[in-house]
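Engineer: I'll drop the sequence and a predicted model, then ask my questions.
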Amino acid sequence: MSMRAVGWARTFPMSGGVREGRRWTEEHLSQLPWYESSPDTADSIVLAVSELLTNAHLHARSDAQLVLTWDSRCVHISVHDDTPERAPKQHAESTGAVSGRGIAIVDALADSWETHEQQHGKAVTACFTPELPEPVKG
């Protein structure tokens, strides 16, 4: 039986949430059917989660809710914070900058991403399309 859709959600606190978010994401991605055949996609998703959780903690000064879903085509990551202000923006590239590159990294890694304003905050959602393994013929 093939997996058609699955999802997980968890809140990550400002203290220590980014490291735990990376571990949690990797643990759940490893359950998906493409994980072994598309390790670069898994790495990109974990890095994007790290960047989006960091943005929620640093810029929104908020805990972050992470929703991770697989719909048989795309892995969607959505990070919600409690501050509707400060929608993420891509900054002009600067070789000397030590921060401010999170959304540029997500933009480079994801197939698509967008921001949704919500009644109590905002969510940034990114989609990643892994290479699926060839079906086993029998």
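Structural biologist: Right, received. Where do you want to start? Numbering: from 1, shown residues only.

Engineer: where along this structure do the helices fall?
Structural biologist: Counting by DSSP state H, the segments of the chain that form helices are 17-29, 39-58, 102-109.

Engineer: so which of those is the most surrounded?
Structural biologist: Comparing those by mean neighbour count (mean count of other CB atoms under 10 Å), helix 39-58 ranks first with a mean of 20. C-beta here means a position set from N, CA and C on the backbone, and glycine is covered the same way.

Engineer: what's the angle from that one to helix 102-109?
Structural biologist: On the basis of axes from the mean of the first three to the mean of the last three CA atoms, to 10 degrees, helix 39-58 is oriented at 160 degrees to helix 102-109.

Engineer: who touches helix 39-58?
Structural biologist: 12, 14, 17-18, 21-22, 25-26, 29-30, 34-35, 62-64, 66, 68, 75, 77, 79-81, 88, 99, 102-103, 105-106, 109-110, 124, 126, 128-131 (CB atoms under 8 Å, 6 or more residues apart in numbering).
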